[in-house]
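Enquirer: Sequence and predicted structure, then a few things I'm wondering about:
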Amino acid sequence: MINFVVCDDNKNFSKIMKSIIEKVMINYDQEYKIFHFDEYDNKFENFVNTEVGFKVYFLDIKTKCGSGLDAARIIREKYDDWVSIIIIVTSHEEYRYEALSNRLYLMDFINKLDNCEQKIIEDVNKSMNNFNKRYKSLTYEYNHIFHKIEFRNIISIEKEQDSKRCIIKTTYGKSYIPGTLNEVYKKLDERFIKVHRSLIINKDKVVKYDRKNNEIEFSDGTRSTNVARDKKKELLEYDICNN
């Protein structure tokens, strides 16, 4: 999942941004969402601190509540997010040097008054290229939409009963992938364990394995007892048992 985050207190400009992003994304068949904020408030910061997948921020320098540069510092320094892409979009050209010299690893500084639409188009395309090259991911097509889920965001994958698809539980929700659990398992790496004929887990997302009750607790607080007898030893060998 790729998430475009627009923060600008000019609603008309935000609508233009949304339209430009949608126009570019038509070419990708990639699952995406667009989020809009009109100020850098607690709601914005809570979103920054929420794991929803890959993020691309388009930040205005000045809003009625807060600065885009301060927001970038929060993203990078407070929440230690050096993965998301940050692009400044503003009519305040005088802040260019300050923005680009602050070691906030900004992708771009776009002046709203200087060929803005074309530069946004270019940056959305650059962001997609960056997204496609970043992390190991599970990629597949479902319902004519191309999906790309980073391994690090997958908690577990479960076979859906009486169905020819599987349920992927991620840090930001659920997705579906066609095929058998064994077919999906072949696409994953060593961090995943098939602990039951109906369940694959990401061992990095396991916080506790209760041997006595044969129960796995995941990082999102959910639990599962779908562990086959011959997989208990394998769980312990991965050193994720805290009992």
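Expert: Perfect, thanks for sending it.
Enquirer: so what's residue 47 up against?
Expert: By Cβ atoms under 8 Å, 6 or more residues apart in numbering, the contact list for residue 47 reads 5, 35, 37. Heads up, the C-betas are built off the backbone N, CA and C, glycines and all.
Enquirer: can you tell me which helix or strand it belongs to?
Expert: helix 42-48 (DSSP states H and E).
Enquirer: Residue 33 now?
Expert: Element membership of residue 33 [criterion: DSSP H and E] is strand 32-37.
Enquirer: For that strand, which residues meet the burial criterion?
Expert: Neighbour-count burial for strand 32-37 flags 32, 34, 37 (criterion: 16 or more other Cβ atoms under 10 Å).
Enquirer: Quick one: residues in contact with the biggest helix by length in the chain.
Expert: For the chain, the helix reaching the highest residue count under DSSP state H is reported as helix 116-133. Under the contact criterion Cβ under 8 Å, 6+ apart, helix 116-133 has outside partners 2, 4, 16-17, 20-21, 23-25, 28, 30, 54, 56, 58, 85, 87, 89, 107-108, 110, 148.
Enquirer: out of these, which are buried?
Expert: 2, 4, 16-17, 20-21, 24-25, 28, 30, 54, 56, 58, 85, 87, 89, 107-108, 110, 148.
Enquirer: and residue 16, that's in a strand?
Expert: No: counting by DSSP: H, G, I helix; E, B strand; the rest coil, one finds residue 16 to be helix, located in no strand.
Enquirer: For it, which residues are in contact?
Expert: Contacts for residue 16 (Cβ under 8 Å, 6+ apart) come out as residue 117.
Enquirer: thinking again about what came up before, closest one of the contacts of residue 47 to residue 156?
Expert: Residue 156 lies nearest to residue 35 out of these, by Cβ to Cβ, at 26.0 Å.
Enquirer: Looks like the closest one contacts residue 2 (just checking).
Expert: No: using Cβ atoms under 8 Å, residue 35 is not in contact with residue 2, being 11.5 Å away.
Enquirer: hey, what's residue 36 bridged with?
Expert: residue 6 (DSSP bridges).
Enquirer: From what I see, it and residue 21 are in contact.
Expert: No: using Cβ under 8 Å as the test, residue 36 is too far from residue 21 to be in contact (10.8 Å).
Enquirer: Excluding chain neighbours, what is closest to residue 215?
Expert: In space, and not counting its chain neighbours, residue 215 is closest to residue 225: 5.1 Å by Cβ to Cβ, 6 or more residues apart in numbering.
Enquirer: Just give me the neighbour total for that neighbour.
Expert: Residues within reach of residue 225, counting by other Cβ atoms under 10 Å, total 11.
Enquirer: How much space separates it from residue 218?
Expert: To residue 218, residue 225 is 12 Å away according to Cβ to Cβ, to the nearest Å.
Enquirer: do residue 156 as well
Expert: As judged by Cβ to Cβ, residue 156 and residue 218 stand 7 Å apart.
Enquirer: which of the two has more neighbours?
Expert: Set side by side, residue 156 and residue 218 show more neighbours around residue 156, with 22 against 18, by other Cβ under 10 Å.
Enquirer: need the contact list for the most centrally placed residue in the chain.
Expert: With distances taken as Cα atoms, centre = their mean, the residue of the chain nearest its centroid is residue 53 (0.6 Å). Residues in contact with residue 53 (Cβ under 8 Å, 6+ apart) are 1-3, 149-150, 153, 170, 172.
Enquirer: burial measure for the residue nearest to it when sequence neighbours are not counted, as a count.
Expert: Closest residue in space to residue 53, ignoring its immediate chain neighbours: residue 1 at 3.6 Å, by Cβ to Cβ, 6+ apart. Using other Cβ under 10 Å, residue 1 is surrounded by 20 other residues.
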